[in-house]
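Asks: A predicted structure for the sequence below; I have some questions about it.
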Amino acid sequence: TTTKIKFQSKYNNNLVKYNIKYKEDDDEKKENWNEINLDNNANEHILTNLNKNTKYEIYGRFQLLENLIWSRYSSSTSFTTKNELCYIVNENETKILESDILHKFDKIII
């Protein structure tokens, strides 16, 4: 499944670069975090290849492009992915059995 992450900070998007750090929340032994640097001017990202019905822990931070200094990571936030969409098609109707393929995680406030 996928999840959309959106950042918000006091700085304009053209002045900062965002970073996401995440892992499965129940995997306490896992020390390898997944880390993604967003492109300049981007304040959202879609995480892909997530396990469905799984809780994740996520942090965010930003880098000021003027001096390349990173902020501290945000407070830990968690989200749980949902089931993928499943369609059954017959001659008369199409039904969605499970949803959502995209869990929208609204904002990481830094």
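Replies: Alright, I've got the coordinates.
Asks: residue nearest the centroid of the protein?
Replies: When the chain is reduced to its mean C-alpha position, the nearest residue by C-alpha atoms, centre = their mean turns out to be I5, at 3.8 Å.
Asks: Is it in a helix, a strand, or coil?
Replies: For I5, the reduced secondary structure class is strand; criterion used: DSSP: H, G, I helix; E, B strand; the rest coil.
Asks: how near is it to N12?
Replies: Taking C-beta to C-beta, to the nearest Å as the criterion, I5 is separated from N12 by 19 Å. (Glycine included, C-beta is placed from N, CA and C.)
Asks: ok, now N34?
Replies: Going from N34 to N12 by C-beta to C-beta gives 27 Å.
Asks: more neighbours, the two?
Replies: Each of N34 and N12 had its neighbours counted (other C-beta atoms under 10 Å), and the higher figure belongs to N34 (15 against 9).
Asks: what sits against the more buried one?
Replies: N34 makes contact with I20, K21, Y22, K23, according to C-beta atoms under 8 Å, 6 or more residues apart in numbering.
Asks: Include secondary structure, distance to N41 and pLDDT when you put those into a markdown table, please.
Replies: As requested, the contacts of N34 are arranged in a markdown table below (DSSP: H, G, I helix; E, B strand; the rest coil; distance: C-beta to C-beta, whole Å; pLDDT from 0 to 100):
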| residue | secondary structure | distance to N41 | pLDDT |
| --- | --- | --- | --- |
| I20 | strand | 16 | 91 |
| K21 | strand | 20 | 92 |
| Y22 | strand | 22 | 91 |
| K23 | strand | 27 | 91 |
